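A.B. asks: With the sequence up front, the predicted model follows.
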Amino acid sequence: MLKSEKKLTKAFTLVELLIVISIISILAVIALSAFRFTQARSRDAQRKSDLKQISSALEMFYNDHKLYPEGNPAGEILACSYNGVNPSDRCIWGEGLMTDNETTYFRIIPVDPVDSQQYFYRTLGNQQAFQIYAHLENPEDRNCIKNELGEPSCDIDLGLNCGGGENCNFAITSANVGPTDSD
């Protein structure tokens, strides 16, 4: 066999392989971070929807009983199996059936989409006003509670824990009270 008849095979060099792997890794990191951000925004949208549904049920309860159900220090609603005499039957987020034996306000009380977090409920003014809170993951969300300057502030500290050590930074309230009001 002559030297000129030798077949030469072309292959990628180590440097070329490292460059391609680096580019693919960078693209994967960018795609993963965008995916996580989208997931967080989706969970925030679910939280907003849940609180709106709870608010509607609380308003129906108020129309029937002329007061909002009590809340306990853990932020739970005390109106599951409500009878007007002993309202201490707490509603467990994700499980509780909120009823007064005539009207079912909720078959299952919504639960925060993140296991370590929870919603926080409380009443003010002899149960004539309510506030229900959640923690939004997106620090730039325009619906976070407004600070004293009237600007949305997702890092506001109201002294309320929405689980997992997270401050509550989003609220829906009855019309006669704001999210930063207290008794």
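C.D. replies: Yep, that arrived. Quick caveat: nothing in here was measured; it's all calculated off a predicted structure.
A.B. asks: which residue ranges form the strands in the protein?
C.D. replies: For the chain, the strands defined by DSSP state E cover 70-71, 77-78, 98-99, 104-106, 120-124, 129-134, 170-173.
A.B. asks: residue contacts, the most centrally placed residue in the chain?
C.D. replies: Geometric centre of the chain, nearest residue: R47, 4.0 Å, by C-alpha atoms, centre = their mean. Contacts for R47 (C-beta atoms under 8 Å, 6 or more residues apart in numbering) come out as D112, P113, Y119, A134, H135, L136, F170. Where C-beta positions appear, they are placed from N, C-alpha and C, glycine not excepted.
A.B. asks: Compile those into TSV and extend it with columns for pLDDT and neighbour count.
C.D. replies: Formatted as TSV, these follow (pLDDT from 0 to 100; neighbours: other C-beta atoms under 10 Å):
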residue	pLDDT	neighbour count
D112	96	22
P113	95	17
Y119	96	26
A134	96	28
H135	96	25
L136	95	24
F170	96	23
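A.B. asks: Nearest to A28, out of the residues you listed: which one, please.
C.D. replies: Distance to A28, by C-beta to C-beta, is smallest for P113 among the contacts of R47, at 25.3 Å.
A.B. asks: The closest one and E95, how far apart?
C.D. replies: Remark: distance between P113 and E95 (C-beta to C-beta, to the nearest Å) = 15 Å.
A.B. asks: List the neighbours of the helix or strand bottoming out on mean pLDDT in the chain that are in contact with it.
C.D. replies: None of the helices or strands of the chain scores lower by mean pLDDT, DSSP states H and E than strand 98-99, at a mean of 86. Counting contacts by C-beta under 8 Å, 6+ apart, the residues outside strand 98-99 that touch it are 57, 61, 69, 77, 79-82, 91, 104-106, 109.
A.B. asks: Which stretches in this protein count as helices?
C.D. replies: Here the chain has its helices, by DSSP state H, at 14-65.
A.B. asks: any low-confidence regions in it?
C.D. replies: 1-8, 84-88 (pLDDT under 70).
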